[in-house]
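Chemist: A structural model of the following input is requested.
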Amino acid sequence: QVQLVESGGGLVQAGESLRLGCAASGRILTINDMGWYRQAPGKQRELVATITSGGSTNYADSVKVRFTISRDNDKNTVYLQMNSLRPEDTAVYYCNADVRRQLYPRTITRYWGQGTQVTVSS
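Modeler: Numbering: from 1, shown residues only. So this is what the prediction gives:
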């Protein structure tokens, strides 16, 4: 099995920064894409940012310039640096990882973390 454990959430004021981390562990051969999603109360889960194993990134328009996704492939860890936070960034943030656990079959499974709360006060 594979586990994703997130860290770094909390309560901050508007304009401040937070850094989220998400470490994957367990039976892992390789990890393809990793990413962050968020879900605010009463809203659907939405994409925040993704990063490929080669380092290519993709961001939601609402977080471009303010957020930076990165990863450490040796540690199977993905990070999300969040700057200039706004009250509308308040949500539970979830990480995910597309994991290949064995050579054959070449199955890739998406795993999710348990979520970490980010609250931004005005």
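
Chemist: so which strand or helix has the residue most central in space within the chain?
Modeler: In the chain, the residue lying closest to the centroid (C-alpha atoms, centre = their mean) is residue 36, at 2.7 Å. Taking DSSP states H and E as the criterion, the element that holds residue 36 is strand 30-39.

Chemist: about what we covered before: look up how far residue 102 lies from the residue nearest to the centre of the chain.
Modeler: Relative to residue 102, residue 36 is positioned 26 Å away (C-beta to C-beta, to the nearest Å). Where C-beta positions appear, they are placed from N, C-alpha and C, glycine not excepted.

Chemist: Helices of the protein, residue ranges please.
Modeler: Using DSSP state H, no helices are found in the chain.

Chemist: Show me the strands in it, by range?
Modeler: Secondary structure of the chain, counting by DSSP state E: strands at 2-7, 10-13, 18-26, 30-39, 46-51, 57-59, 67-72, 77-82, 91-100, 108-112, 116-121.

Chemist: I'd assumed residue 119 was in contact with residue 14.
Modeler: No: taking contacts as C-beta atoms under 8 Å, residue 14 lies outside contact range of residue 119: 10.9 Å.

Chemist: which parts of stretch 21-31 are buried?
Modeler: 21-24, 31 (16 or more other C-beta atoms under 10 Å).

Chemist: With that, I have no additional questions.
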